[in-house]
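Novice: Using only what follows, build the 3D model:
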Amino acid sequence: MSTAPRCDETIAWTALQGHFEGHGRGLDLRESFARDAQRFGTFSLQAPEVFADLSKNLWDPTTRRLLVELARACGLEAQRDAMFAGQPINSTEGRAVLHTALRAPRGAGPFSEDVHGVLDALLAYADEVRDVAGSGITDVVNIGIGGSDLGPAMAVPALQAYTQPGQRLHFVSNVDGHDLVPVLARLKPETTLFIVASKTFTTQETMANAHAARAWFLAQGGTDTARHFVGVTTNLEAAAAFGIHRTFGFWDWVGGRYSLWSAIGLPLAIAIGGAQFRDFLAGARAMDEHFAQAPLEANLPAQLGLLDVWYRNFHGFTSRSVAPYHQGLRRFPAYLQQLEMESNGKCVDADGRALPFGTSPVVWGEAGTNGQHAYFQMLHQGTDVIPVEFIAVARTSHDLADLPPSVRERLADQHTKLLANCLAQSQALMWGKTTEEAATERAPTASKTLDPAVLARHRSFPGNRPSTTLVLEALTPRALGALIALYEHRVFTSGAIWGINSFDQWGVELGKALCSQLLPRFASGDATGLDASTAGLLARLRG
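Specialist: Presented below is the predicted three-dimensional model:
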């Protein structure tokens, strides 16, 4: 049961409502920058590996002060400390929430000996597999779904620069065979390792793909299932019955969407090696310490989480777009969708009371300049205001040693163009363009018969649209670890303010249960008791 007051039951919430009506609703970023030459410095923060420019957000110092007062009124610091201490803050399941213990140095966190015992064995095995000459493994296929897939599938391409030449990583998650079949077509059984990632070894989609992969392996002449299949699971009996004898486990205090730091990270450990995986953990640990120790006024995860509350509950913004300007982070928005929406997509508080306010926004996005040619039209001129999060990486991680100087020069120029695009988009969102400005411009593609005044209205931009820019010096294992941990603690912050349990996911269960009930009906055709729509679709799909 919650001991802290819910946000809407505090004096600070009422103060924020008054501030929003009096000043927040009408805040103009262009005027704010014109009045305050120090605004960038005032609203910039440096956290481990991540610099944040928060100055293009729709807030002022009073907003920030009132949001911090709200956080203290809701007991954010006490809730944070309870998480780090291993108290059972996942109240509906009676569990601790200790993904932070997975990146704590030996002796510095709960369950340290267990954590480091698994970690040492995991990384030793990862380095063994990574030695292509010794292991003979050229392809590693991770079979999982949700948290057992999204984390590794995001992190491996992000850290492509650290991967081993001659070894490929593949990720299969969808129960749709169109996900698995193209992967199998590129493999040889004698040089492939399959990782079956399922804590219970019963996850429907994962086990369907695992059985299909094993059938392919045997049909192709594979003879040593125990060598070519490894399990990330706690169900040793089921894994052994499958033919898997090497397993790595984790604990019920590790939620799926927080499990990349555990044995679920095996594909990443194989891809980048044990030493670099430890750097990845160290980056997350540095962000943990920042979140645990920095005052809320200078605490980047807390500040981002409070901004999320400000936008969701006062401005009424229902979504947030994430635009990483680095191709390696192309899967990052998908990863954040689970992290945030599965954590905070709740309609009751920790005490089971219905919430009278919104919680998680919709999180979506696309990498780099691709998004500019897809959905940025809506961001700039659409009827909805959608806060945007830009992620810029100052230095590239290309391996240019074997490339001609002319190619290196072009790639350096392309990176400059990438960064310029990133800054230009946030600038354009803020400044916009008036109809008077548009009227003075020449538009070569415009209709020659269109009234210039009408054309100017089409080519104007409202501006005053908020954005955050996060800057990494380079996309290293340490930096990626810190970036992910930043978002984890940000989600914790907003969930704590809203008074919800961010660590269960009962909304995932109903569809699973109904699927199990429907499966036999595809064989029998029995539609007894089904609603007319489901019965009609069942008949249609059975043919």
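Novice: can you pull the contacts of the most centrally placed residue in the chain?
Specialist: By Cα atoms, centre = their mean, the chain has its centre lying nearest to Leu336, at 2.1 Å. Counting by Cβ atoms under 8 Å, 6 or more residues apart in numbering, Leu336 touches Val322, Val363, Gly365, Tyr487. C-beta coordinates here come from the backbone N, C-alpha and C atoms, glycine included.
Novice: okay if I get these as TSV plus distance to Val232, neighbour count and secondary structure?
Specialist: Supplementary listing: these in TSV, determined by distance: Cβ to Cβ, whole Å; neighbours: other Cβ atoms under 10 Å; DSSP: H, G, I helix; E, B strand; the rest coil:
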residue	distance to Val232	neighbour count	secondary structure
Val322	28	26	strand
Val363	26	22	strand
Gly365	28	23	strand
Tyr487	23	22	helix
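Novice: Let me have the helix or strand Asp127 falls within in CSV, keeping just the CA atoms, if that works.
Specialist: For Asp127, the element it lies in under DSSP states H and E is helix 112-130. Only the C-alpha atoms of helix 112-130 are listed here, as CSV (Å, rounded to 0.1, in the frame of the first residue of the first chain):
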residue,chain,number,x,y,z
SER,A,112,26.0,-9.5,-4.9
GLU,A,113,27.6,-13.0,-4.8
ASP,A,114,24.7,-14.5,-6.7
VAL,A,115,24.7,-11.7,-9.3
HIS,A,116,28.5,-11.8,-9.9
GLY,A,117,28.6,-15.6,-9.9
VAL,A,118,26.2,-15.6,-12.8
LEU,A,119,27.9,-12.7,-14.5
ASP,A,120,31.3,-14.2,-14.3
ALA,A,121,30.1,-17.5,-15.8
LEU,A,122,28.1,-15.7,-18.4
LEU,A,123,30.9,-13.5,-19.6
ALA,A,124,33.4,-16.4,-19.7
TYR,A,125,31.0,-18.3,-21.9
ALA,A,126,30.4,-15.2,-24.1
ASP,A,127,34.1,-14.8,-24.7
GLU,A,128,34.4,-18.5,-25.5
VAL,A,129,31.6,-18.2,-28.1
ARG,A,130,33.0,-14.9,-29.4
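Novice: how about it: buried residues?
Specialist: For helix 112-130, burial by neighbour count (16 or more other Cβ atoms under 10 Å) applies to Val115, His116, Val118, Leu119, Leu122, Leu123, Tyr125, Ala126, Asp127, Val129, Arg130.
Novice: Would you confirm that the last one contacts Pro267?
Specialist: No - applying Cβ atoms under 8 Å, one finds Arg130 not in contact with Pro267, separated by 10.9 Å.
Novice: List the contacts of Thr434.
Specialist: Ser460.
Novice: re the thing from before, chain center to the helix holding Asp127, what's the gap?
Specialist: 25 Å (Cα atoms, centre = their mean, to the nearest Å).
Novice: and the next helix-or-strand element following that helix, what other elements does it pack with?
Specialist: Where DSSP H and E defines the elements, the next helix or strand beyond helix 112-130 is helix 132-135. When contacts are defined as 3 or more Cβ pairs under 8 Å, 6 or more residues apart in numbering; DSSP states H and E, helix 132-135 sits against helix 112-130.
Novice: Who are the packing partners of the helix it packs on?
Specialist: Against helix 112-130 (3+ Cβ pairs under 8 Å, 6+ apart) you get helix 132-135, strand 247-248, helix 266-272, helix 274-293.
Novice: Of these, which is nearest Thr469?
Specialist: Proximity to Thr469 (Cβ to Cβ) singles out helix 274-293 among the helices and strands packed on helix 112-130, at 17.9 Å.
Novice: got JSON lines for the contacts of Leu336, with distance to Ala210 too?
Specialist: Converted to JSON lines, these look like this (distance: Cβ to Cβ, whole Å):
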{"residue": "Val322", "distance to Ala210": "32"}
{"residue": "Val363", "distance to Ala210": "30"}
{"residue": "Gly365", "distance to Ala210": "31"}
{"residue": "Tyr487", "distance to Ala210": "30"}
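Novice: What is the nearest of these to Thr528?
Specialist: Val363 (40.1 Å).
Novice: any idea how far the closest one is from Glu340?
Specialist: 5 Å (Cβ to Cβ, to the nearest Å).
Novice: what do you get for Leu475?
Specialist: 21 Å.
Novice: Kindly report the same for Phe201.
Specialist: 28 Å.
Novice: helix or strand for the residue lying farthest from the centre of the chain, which one?
Specialist: Computed with Cα atoms, centre = their mean, the residue of the chain farthest from its C-alpha average is Thr449, at 47.9 Å. Of the helices and strands defined by DSSP H and E, none includes Thr449.
Novice: cool, and the one 5 residues further on?
Specialist: Element membership for Val454, per DSSP H and E: helix 452-458.
Novice: likewise His178?
Specialist: Going by DSSP H and E, His178 is in helix 177-184.
Novice: Run the chain-centre distance for that helix.
Specialist: 25 Å.
Novice: what comes up buried for it?
Specialist: So helix 177-184, judged by 16+ other Cβ under 10 Å, has buried residues Leu180, Val183, Leu184.
Novice: Stretch 56-67 too?
Specialist: Neighbour-count burial for stretch 56-67 [16+ other Cβ under 10 Å]: Lys56, Asn57, Leu58, Trp59, Asp60, Thr63, Arg64, Leu66, Leu67.
Novice: Stretch 208-224 too?
Specialist: In stretch 208-224, counting by 16+ other Cβ under 10 Å, buried: Ala208, Asn209, Ala210, Ala212, Ala213, Arg214, Trp216, Phe217, Gly222.
Novice: quick one: which of those sit in helices?
Specialist: Ala208, Asn209, Ala210, Ala212, Ala213, Arg214, Trp216, Phe217 (DSSP state H).
Novice: For burial, what's the neighbour tally of the closest residue to the third one other than its chain neighbours?
Specialist: Put plainly, it is Ala210. Excluding its sequence neighbours, the residue lying closest to Ala210 (Cβ to Cβ, 6 or more residues apart in numbering) is Val196, at 4.6 Å. By other Cβ atoms under 10 Å, the residues close to Val196 number 27.
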